[in-house]
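Enquirer: Fold the following.
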Amino acid sequence: MGTGWSEFIISTVRPFGWTDWRKIPPLFGCAPGRSFFGPRTPLHYSHPYINNIHLFDTLSVRVNLVFPMTLSRYRNLSTLHIGHTAIGPPFREALQSLPKLKDLLLHDCLIHVEKAMPLNILTITLCSSMRSPVRLADPETLHTLALDVVPNTAITFGSATLPNLVDLSIQEVRDARKFVRLLVQCPHLICLSVNSVAGSLPAVSPDTIPRLRSLSAPRTLVHILGPGRPISRVLLTGKLRRGRLMPLYTAISRATVPLKSLHLPYQEGGFLDRLAAIASVFPELTELSLEFLELYSIFRCGTRDDYGPGAALNMMRGPPRDCRTLELDDEGAFDGELPVDDISDAESEREDPAPILVMEQAASEPTLARSISSSMSMLQKLFQWIMHDSFALSTNIEVFWVVDHDCQLSPADQHQAIARLSRLYRQLREIKLGSLGSSWKRTGGSWARDVSGAREVILVLREVEPDPWSDEWPSSWLEFGACT
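Expert: This is a model prediction of the structure:
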């Protein structure tokens, strides 16, 4: 790394430490969100072989000193993500001076905050406090809380009630009793996401979180919290053995409202029996998502865009935010007018391509038993079951996802599967088969998805059988099969 590397570091440091902030126009007070990340451990210790690596350490020290002093100037800042730094007195005072800050994410930070802030959304991962856990957020204002572990060594709410908390996400529960105690403090909780629980869970009173509607959790927690609550969405994490499914279905069915959305990790045999059981136990199910797992794979709890309908919050990603950044130019940043393209939020309009016409095929030959071999993936077997009508879903199904990270169906096979499923289940509006590209969504009479940056659109055609009691024959033998 030569002179260019040094110049890059200097040009990066200049906006933070060498700019006269008194001359900055009020534009900087309009930032809706900002992220700040800096290494807590000097990089020249871990990367001594990199030329001029000490410049990064110099940059980190200077930014840690200057950034808190400049942060208070962002009067309209509502979202802030901070990582790999210490939240000491200067940083604490800067945070508490932001009147509109509502969403705070701290990752790998050393926290020392004496006064709770009126936050609405708080995400804490890999953090610790300088002494004992601190009360970082006002329990009266918080409505969304995401923690990496419970009990948490960084923050605490003591015995205070969190009356407005409706969304709680926890990556790992290490003390089940303290976890249940936290639930008692959240009387209005609606969504709960827990990735893993260590040890056995104590009994939970039916009066605890009585308004829970969405639950993402391992089997043991679903058994305890499922009955007696208005849970309409369930996302199961971890591995499920076939013999434990019916007791689990029974616990879920004992909720006070019908189940509408279900996500299951799939690992072993009995696929058709499992689908039949789901359709039987949950006749009002409208969303079903299945993820094929290998024997030793680890299930990752993700968002709906990652794994299927009704999935839980992905904590490490944090809540959606404006990721656009300012292009810093000390001398010419505010000279002249910005191009329209740089300040416009308008998305470029694009027209869908001409649809691919798909004619549904009759049940293929040979027979189903001869069509399926042991070498097929589960997704390939699923396609054969669909094409041979050996397949059962709830009659009310609207969204059907099958995620297989190791196998993809060809576009032609996907088109045929959509044609068959849309005929059997007329309320279907979204389908995903595999993991490539986005899901297929129905708009009017067509189905479309985005894959590899391109738009793919199909229109299902279906042969119309003439009425034997009518003297008139249809003018066309084809109809738009999805236009019902």
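
Enquirer: Helices of the stretch 351-484 of the chain, residue ranges please.
Expert: Using DSSP state H, counting those that start in this stretch, the helices of the stretch 351-484 of the chain run over 368-371, 378-387, 411-424.

Enquirer: part of a strand, is residue 55?
Expert: No. Counting by DSSP: H, G, I helix; E, B strand; the rest coil, residue 55 falls outside a strand, being helix.

Enquirer: hang on, the earlier thing: could you dump the helices of the stretch 351-484 of the chain into JSON lines and include distance to residue 440?
Expert: Yep, even glycine has a C-beta here, placed from its N, CA and C like the rest. Formatted as JSON lines, these follow (distance: least, CB to CB, whole Å):
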{"stretch": "helix 368-371", "distance to residue 440": "23"}
{"stretch": "helix 378-387", "distance to residue 440": "14"}
{"stretch": "helix 411-424", "distance to residue 440": "6"}
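
Enquirer: So which of these is nearest residue 273?
Expert: Closest to residue 273 of the helices of the stretch 351-484 of the chain is helix 378-387 (CB to CB; 11.9 Å).

Enquirer: Which among the helices of the stretch 351-484 of the chain is found nearest to residue 85?
Expert: Nearest of those (CB to CB): helix 378-387, 44.7 Å.

Enquirer: in the closest one, what's buried?
Expert: Within helix 378-387, the residues that count as buried by 16 or more other CB atoms under 10 Å are 378, 379, 380, 381, 382, 383, 384, 385, 386, 387.

Enquirer: show me where pLDDT drops low in the chain?
Expert: Along the chain, segments meeting pLDDT under 70 span 1-45, 267-269, 293-350, 362-371, 463-484.

Enquirer: correct me, but residue 359 touches residue 423?
Expert: No. In this structure, residue 359 is not within contact of residue 423 by CB atoms under 8 Å, at 11.8 Å.

Enquirer: what residues are shared contacts of these two?
Expert: Counting by CB atoms under 8 Å, 6 or more residues apart in numbering, the shared contacts of residue 359 and residue 423 are residue 462.

Enquirer: Would you map the helices across this protein?
Expert: For the chain, helices defined by DSSP state H occupy the ranges 3-17, 43-46, 54-71, 89-96, 176-184, 219-225, 245-253, 271-281, 304-307, 340-343, 368-371, 378-387, 411-424.

Enquirer: a markdown table for those helices, including distance to residue 446?
Expert: A markdown table is the format used below for the helices of the chain (distance: least, CB to CB, whole Å):
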| stretch | distance to residue 446 |
| --- | --- |
| helix 3-17 | 49 |
| helix 43-46 | 53 |
| helix 54-71 | 49 |
| helix 89-96 | 50 |
| helix 176-184 | 45 |
| helix 219-225 | 38 |
| helix 245-253 | 35 |
| helix 271-281 | 27 |
| helix 304-307 | 22 |
| helix 340-343 | 31 |
| helix 368-371 | 29 |
| helix 378-387 | 20 |
| helix 411-424 | 11 |
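
Enquirer: which one's the longest strand in this protein?
Expert: As assigned by DSSP state E, the longest strand anywhere in the chain is strand 454-463.

Enquirer: Check which helices and strands that one sits against.
Expert: strand 356-359, helix 411-424, strand 446-451, strand 478-480 (3 or more CB pairs under 8 Å, 6 or more residues apart in numbering; DSSP states H and E).

Enquirer: which one of these lies closest to residue 79?
Expert: Residue 79 lies closest, by CB to CB, to one member of the helices and strands packed on strand 454-463: strand 446-451, at 27.2 Å.

Enquirer: Contacts for the closest one next, please.
Expert: Strand 446-451 is contacted by residues 352, 355, 418, 422, 431, 436-441, 455-460, 482 when judged by CB under 8 Å, 6+ apart.

Enquirer: Now the buried members of those residues.
Expert: Using 16+ other CB under 10 Å, the buried ones in those are 418, 422, 431, 436, 437, 439, 440, 456, 458, 459, 460, 482.

Enquirer: Can I get the buried residues of helix 378-387 in a markdown table including distance to residue 117?
Expert: Converted to a markdown table, the buried residues of helix 378-387 look like this (distance: CB to CB, whole Å):
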| residue | distance to residue 117 |
| --- | --- |
| 378 | 48 |
| 379 | 48 |
| 380 | 53 |
| 381 | 53 |
| 382 | 50 |
| 383 | 53 |
| 384 | 57 |
| 385 | 54 |
| 386 | 53 |
| 387 | 57 |
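
Enquirer: Which among the helices of the stretch 351-484 of the chain is found nearest to residue 266?
Expert: helix 378-387 (7.2 Å).

Enquirer: what's the angle between the closest one and helix 411-424?
Expert: Relative orientation of helix 378-387 versus helix 411-424 (axes from the mean of the first three to the mean of the last three CA atoms, to 10 degrees): 50 degrees.

Enquirer: What is helix 378-387 packed up against?
Expert: Using 3+ CB pairs under 8 Å, 6+ apart, the elements in contact with helix 378-387 are helix 271-281, helix 368-371, helix 411-424, strand 430-433.

Enquirer: Highest mean neighbour count out of those?
Expert: Across these, the average number of neighbours (mean count of other CB atoms under 10 Å) peaks for strand 430-433, which reaches a mean of 22.

Enquirer: From residue 159, how far off is the nearest residue to residue 164 once chain neighbours are set aside?
Expert: Spatial nearest neighbour of residue 164, excluding adjacent residues (CB to CB, 6 or more residues apart in numbering): residue 143 at 4.9 Å. Distance, residue 143 to residue 159, by CB to CB, to the nearest Å: 20 Å.

Enquirer: do the same with residue 206
Expert: Counting by CB to CB - residue 206 and residue 159 are separated by 21 Å.

Enquirer: In contact with residue 219: list those residues for me.
Expert: The contact partners of residue 219, by CB under 8 Å, 6+ apart, come to 236, 238, 240, 244, 248.

Enquirer: Excluding chain neighbours, give the residue nearest to the last one in space.
Expert: Same thing as residue 248. The shortest distance from residue 248 to any non-neighbouring residue, by CB to CB, 6+ apart, is to residue 219 (5.8 Å).

Enquirer: Report the separation between that neighbour and residue 290.
Expert: 16 Å.

Enquirer: shouldn't residue 109 be in contact with residue 81?
Expert: No. If you go by CB under 8 Å, residue 109 and residue 81 don't touch, sitting 10.6 Å apart.

Enquirer: who has more neighbours, the two?
Expert: Neighbour count, other CB atoms under 10 Å: between residue 109 and residue 81, residue 109 has more, with 23 against 18.

Enquirer: Mind splitting the chain into its structural domains?
Expert: Domain assignment for the chain, taken from automatic domain parsing, gives 1-165, 356-466+473-480.

Enquirer: hmm, back to that, out of the buried residues of helix 378-387, the closest to residue 121 would be?
Expert: The closest of the buried residues of helix 378-387 to residue 121 turns out to be residue 379 (CB to CB; 37.2 Å).

Enquirer: Just give the closest residue to that closest one, not the sequence neighbours.
Expert: Nearest to residue 379 is residue 404, by CB to CB, 6+ apart, at 4.2 Å.
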